[in-house]
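Undergrad: sequence and predicted model, in that order:
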Amino acid sequence: MMLPKRYTCGLISLCLMIRCTGGNERCGASIRGACPPAWSQWGDKCYKQLSENLPWAEAKQECIKIGSVLVMPQSQEETEFLRENLSIWFWIDCNDLEGSWECRDGTTDVVYTDWGRGEPNNGHREDCAVVTDSGVWNDVKCEDRAPVICKRPAPQLQF
Ligand SMILES: *[C@@H]1O[C@H](CO)[C@@H](O)[C@H](O)[C@H]1NC(C)=O
């Protein structure tokens with residue numbers, strides 16, 4: 001009796017991205033790999049929510065320990081992806097511990113903001129920021145505990 005053929009397929013997800021610069025024949029290409037297990041992918045970024053809610057400074061440290069940075073969404077679309085797929089509210093890498101608000105994605109300053117009406121109001125010495133459960137930003141005490149989402153780039157192979 002003939003046994004049916006069986007196929008074993010590994011799960012490999014690769015996206016080929018080709019970028020060409022305008023008015024120029026040269027293109028750069030890169031292969032974008034899948035995020036590591038337990039990380040969610042959105043475009044060329046990977047995200048992971050930590051198992052515990054933490055104060056802001058600890059949140060930053062814990063993300064760094066796993067080779068990533070505290071999340072800092074740069075658009076409404078990115079925020080919606082995170083709220084729908086990871087956590088309805090979470091810390092973002094924004095603080096005014098030095099007197100003016102600074103938001104950073106890793107080491108890059110971020111210009112996108114989405115403060116709620118009347119925020120940030122520094123209500124009770126509130127120097128750190130969250131995306132609230134209604135989706136806009138609010139300043140809260142850095143010692144508060146909030147969900148933590150870490151971000152890292154998806155693996156890329158340039159050629
Ligand atoms: C949540 O993730 C799923 C699967 O990746 C995606 O299809 C969906 O668009 C995401 N939600 C948002 C709001 O981006």
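TA: It's in.
Undergrad: ends of stretch 81-96, how far apart?
TA: 26 Å (Cα to Cα, to the nearest Å).
Undergrad: what's next to it, contact-wise?
TA: With contact meaning Cβ atoms under 8 Å, 6 or more residues apart in numbering, stretch 81-96 is reached by 40, 42, 47, 49, 54, 56, 59-60, 69-73, 101-105, 110, 120, 122, 127-133, 135, 137, 139, 142, 146-149. C-beta here means a position set from N, CA and C on the backbone, and glycine is covered the same way.
Undergrad: can you pull the pLDDT of the closest residue to residue 39 other than its chain neighbours?
TA: Distances taken as Cβ to Cβ, 6 or more residues apart in numbering place residue 46 nearest to residue 39, at 4.0 Å, with adjacent residues excluded. Turning to residue 46, the model gives it a pLDDT of 96.
Undergrad: would you list the phi and psi of residue 46?
TA: Here is the backbone geometry of residue 46 (degrees, to the nearest 10): phi -120, psi 140.
Undergrad: can you pull up the bridge partners for it?
TA: residue 41, residue 152 (DSSP bridges).
Undergrad: dump the residue contacts of it.
TA: By Cβ under 8 Å, 6+ apart, the contact list for residue 46 reads 35-36, 39-40, 68, 151-154.
Undergrad: out of these, the closest to the ligand would be?
TA: Nearest to the ligand out of the contacts of residue 46 is residue 40 (Cβ to the nearest ligand atom; 6.8 Å).
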